[in-house]
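> how would this look folded up:
(one chain, ligands or ions: 2)
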Amino acid sequence: MTAGPAARAAAPATEPLPAALPAPVPAIELRDVTRSFPGPPEVQALKGVSLSVADGDYVSVTGPSGSGKSTMLNILGLLDRPTVGEYRLGGVLTGSLDEDERAAVRAGHLGFVFQAFHLMPRRSVLENVLLPMLYNGTPRAEREPRAREALERVGLRHRIDFLPGALSGGERQRVAVARAVASRPRVLLADEPTGNLDQATSAGIMTLFEELHTGGLTLVVITHDGDVARRASRRVRLADGRVSEAG
Ligand SMILES: Nc1ncnc2c1ncn2[C@@H]1O[C@H](COP(=O)(O)OP(=O)(O)O)[C@@H](O)[C@H]1O
Ligand SMILES: [Mg+2]
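Ligands and ions are numbered 1, 2, ... in the order given. Modelled structure (predicted):
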């Protein structure tokens, strides 16, 4: 005999709740993070910052020069540590990881894009995208296909054998984005990615970020450019080391 809906609703909860319904773990979670630089004078670049970024979200962080944007990105990228407070990445408390573990998480789960593209000048576009995959555990046979796929995704298939010096600024930044996403990170962290680009070229990089976001990547983009910031689905503002949510 099958119980009707009413009987089911009234039935005592004899079965445990399904394990498949845990609360979603944020991709990134800062809790009361302060970062002090000893000085003298001591500078508190971040002051009790709490920030939670949902998996798959696209967040921009704006704020004036010196407000703590790069300090925050360095902490999110495991390039620096909070002086006080906690940082969880994918639910994992990063403070207890040793340097090797942090490097492994960085290489395997995080992608970085900086204002200065940091490409190797004597290596081809393809080699630049391949190089990080030599060290981050990407299986050998998958490296080149992934590099080519990433370059295709950023619209640079026709430039794979070029040296960076032969590319425009926008193209160089596309190579940097391809390099950052080729190993399929969970989170892409960008610090002033359009700082060296003109408006039209910068719009192209923003479109690329939107495509990556649509593809499920979590993005945190630091910028002082309001136009760039408005393209994100969520905007956070930093002022004097403190965060607030912008409209
Ligand atoms: N390594 C450091 N040593 C001392 N002070 C620093 C260091 N890095 C950043 N700061 C200071 O922390 C504050 C925030 O810097 P930063 O995060 O680079 O700001 P933003 O990226 O928003 O311009 C500034 O006052 C800066 O001078
Ligand atoms: Mg900065």
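> so Ser36 is in which element?
strand 28-37 (DSSP states H and E).
> can I get that strand as PDB, trimmed to CA atoms?
Output of strand 28-37 as PDB, limited to C-alpha atoms (Å, rounded to 0.1, in the frame of the first residue of the first chain):
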ATOM      1  CA  ILE A  28      35.900  31.900  -1.200                       C
ATOM      2  CA  GLU A  29      35.300  33.000   2.400                       C
ATOM      3  CA  LEU A  30      37.300  35.600   4.300                       C
ATOM      4  CA  ARG A  31      36.300  36.000   8.000                       C
ATOM      5  CA  ASP A  32      37.500  39.100   9.900                       C
ATOM      6  CA  VAL A  33      40.700  39.300   7.900                       C
ATOM      7  CA  THR A  34      43.200  41.900   8.900                       C
ATOM      8  CA  ARG A  35      46.500  42.300   7.200                       C
ATOM      9  CA  SER A  36      49.100  44.500   8.900                       C
ATOM     10  CA  PHE A  37      52.500  45.500   7.500                       C
END
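> next helix or strand past it?
strand 43-53.
> quick one, helices of this protein?
Applying DSSP state H to the chain gives helices spanning 5-10, 69-76, 99-109, 125-130, 140-153, 169-181, 199-214, 226-230.
> who wins for proximity to ligand 2 among those helices?
Of all the helices of the chain, it is helix 69-76 that lies closest to ligand 2, at 3.2 Å by C-beta to the ion. Where C-beta positions appear, they are placed from N, C-alpha and C, glycine not excepted.
> elements contacting the closest one?
For helix 69-76, the packing partners by 3 or more C-beta pairs under 8 Å, 6 or more residues apart in numbering; DSSP states H and E come out as strand 28-37, strand 43-53, strand 58-62, strand 84-89, strand 187-191, strand 218-222.
> contacts for that helix?
With C-beta atoms under 8 Å, 6 or more residues apart in numbering as the contact definition, helix 69-76 has outside contacts at 28, 30, 33, 35, 45-46, 49, 61-63, 80-82, 87, 89, 187, 189, 191, 220, 222, 224, 238.
> please repeat the previous calculation with a cut-off of 6 Å.
Outside of helix 69-76, the residues within contact range by C-beta atoms under 6 Å, 6 or more residues apart in numbering are 35, 45-46, 61, 63, 80, 82, 189, 191, 222, 238.
> can you redo the residues you listed as TSV with distance to ligand 2 and pLDDT?
Compiled in TSV, the contacts of helix 69-76 are given as follows (distance: C-beta to the ion, whole Å; pLDDT from 0 to 100):
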residue	distance to ligand 2	pLDDT
Arg35	13	98
Ala45	10	98
Leu46	12	98
Val61	10	97
Gly63	9	94
Asp80	13	96
Pro82	17	98
Leu189	12	97
Asp191	6	95
Ile222	7	96
Leu238	10	96
